[in-house]
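Undergrad: need a 3D model of the sequence below.
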Amino acid sequence: MATIETNHNFKEDSEAEDQQHKAPDTSGSSITHWSVEAGEVKDGVEADLIKIATENLAEDAVTKVTGLRFLEENDLPRYQKVMVNLKSFLHNPQRVFAKLPSASGLYYCSIVNLTTGERVFGLDQDQEAVKKFIREKLKNEEISPDSQLILSEYWRNYYGGNLVINERGKIFAELVEGKHAKLDKGEGQIFLGAKTSDYSETLQFSEKQEMSDELKTQLRRAIIKAIELIPKRLVPLSDNPTRRFKDAVVDEAGEAAVSVPVAGYFEFILTKKDPQMDNFEVIFIDARTGDAAKKYQLLE
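TA: Prediction:
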């Protein structure tokens, strides 16, 4: 199969095309799964890694907001959203909806406990469904009026994806068909996976399910697009980065360096705002970078 040409010289493994790659039958438990997959898992220690990852995954509300701010500051394609105190919404829902007209008529509603960081969310809801959802959660005492409401526009999730990039630029990604929530809950069959090694800039794809050549090409291009959209940084060659994107340049310290994507964990969806579009559009829905990404045990 021909190599997909990109602006950053990302390569496919043409030899791997003829091999039968086998992805896991189902996605893992979201972040726990990614934290294990991104590291060097040796025999007999995977259970320990899963236990440690699960124990360390608790996040406060500030971490969630910081992740959303990363998407905004780097102008990554994302849902438009408003954040308000839930009391304000309850007082005048239509005023909040007026601030965020959704072209699809649908919304993603996330309610965050500002003390614990715990959140409850509803997907694919129109305005009436959002109001009903919040009333039911209040009645069941699952949320309080002092919570924060993050109301986002919502587009059909043709595919949901997670992307992990370690400090040296090693990449691991997977897609499920349908809503991204399948990855959050560890549900749904893995549809397509992709990864690189520490020693090659070749991006190897693996298809778990049958698909047409046209769809295969569209999804591969979408994953490459998602990677290309991540901000880049210069890493000295002395740090043994995975070489990709460009030839070596000289950084501010006078060292030879290469450009690699910012390390972190990124969630995205693939959608088509116009069903007649040939290619999928990437929309990022969350990110963890810096100290917040360390809990994902990204390979050092």
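
Undergrad: now do the SS call for residue 110.
TA: When classified by DSSP: H, G, I helix; E, B strand; the rest coil, residue 110 comes out as strand.

Undergrad: and the longest helix for the protein?
TA: helix 213-229 (DSSP state H).

Undergrad: now the strands for this protein?
TA: For the chain, the strands defined by DSSP state E occupy 11-12, 81-85, 107-112, 119-125, 148-153, 159-165, 171-177, 190-195, 202-207, 232-236, 249-250, 256-261, 264-271, 281-289.

Undergrad: who does the fourth one pair up with?
TA: Using DSSP bridges, the strands paired with strand 119-125 are strand 107-112 (antiparallel).

Undergrad: tilt between the strand it pairs with and strand 148-153?
TA: 160 degrees (axes from the mean of the first three to the mean of the last three C-alpha atoms, to 10 degrees).

Undergrad: give me the contact list for strand 107-112.
TA: If you take C-beta atoms under 8 Å, 6 or more residues apart in numbering as the criterion, strand 107-112 is touched by 61, 64, 79, 86, 100, 118-127, 130, 133-134, 137, 143, 147-154. For every residue, glycine as well, the C-beta is placed using N, CA and C.

Undergrad: let's see that with 6 Å instead.
TA: Contact with strand 107-112 is made by 61, 119-123, 125, 130, 143, 147-152, 154, as judged by C-beta atoms under 6 Å, 6 or more residues apart in numbering.

Undergrad: looking at the strands of the chain, which is nearest to residue 224?
TA: strand 202-207 (7.0 Å; C-beta to C-beta).

Undergrad: and that closest one, what's buried?
TA: Buried residues in strand 202-207, counted by 16 or more other C-beta atoms under 10 Å: 202, 203, 204, 205, 206, 207.

Undergrad: ok, now how distant is the third one from residue 102?
TA: In this structure, residue 204 and residue 102 are 37 Å apart, going by C-beta to C-beta, to the nearest Å.

Undergrad: hang on, the earlier thing: now tell me which of the strands of the chain the model trusts least on average.
TA: Of all these, the minimum mean pLDDT falls on strand 11-12 (a mean of 46).

Undergrad: tally of neighbours for the spatially closest residue to residue 118 that is not a sequence neighbour?
TA: Leaving out its chain neighbours, the residue that sits closest to residue 118 by C-beta to C-beta, 6 or more residues apart in numbering is residue 112, at 7.5 Å. Look at residue 112: counted by other C-beta atoms under 10 Å, it has 22 neighbours.

Undergrad: one step back: compute the inter-axis angle for the longest helix of the chain and strand 190-195.
TA: 50 degrees.

Undergrad: pairing partners for the most centrally placed residue in the chain in the sheet, please.
TA: Centroid-nearest residue in the chain, with C-alpha atoms, centre = their mean: residue 267, separated by 1.1 Å. Judged by DSSP bridges, the bridge partners of residue 267 are residue 162, residue 286.

Undergrad: so who does it touch?
TA: 162, 285, 286.

Undergrad: got phi/psi on residue 79?
TA: Main-chain torsions, residue 79, degrees, to the nearest 10: phi -70, psi 140.

Undergrad: next, work out how far apart it and residue 102 are.
TA: Taking C-beta to C-beta, one finds residue 79 at 9 Å from residue 102.

Undergrad: circling back to that earlier point, could you dump the buried residues of strand 202-207 into JSON lines with distance to residue 229 added?
TA: Below are these laid out as JSON lines (distance: C-beta to C-beta, whole Å):
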{"residue": "202", "distance to residue 229": "20"}
{"residue": "203", "distance to residue 229": "15"}
{"residue": "204", "distance to residue 229": "20"}
{"residue": "205", "distance to residue 229": "18"}
{"residue": "206", "distance to residue 229": "22"}
{"residue": "207", "distance to residue 229": "23"}
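
Undergrad: now for these: which two are most distant?
TA: Farthest pair in those, by C-beta to C-beta: 202 and 207, 16.5 Å.

Undergrad: mind pulling up the pLDDT for the residue of the chain most remote from its centre?
TA: Most distant from the centre of the chain: residue 254, at 34.0 Å, with distances by C-alpha atoms, centre = their mean. Model confidence at residue 254, expressed as pLDDT, equals 79.
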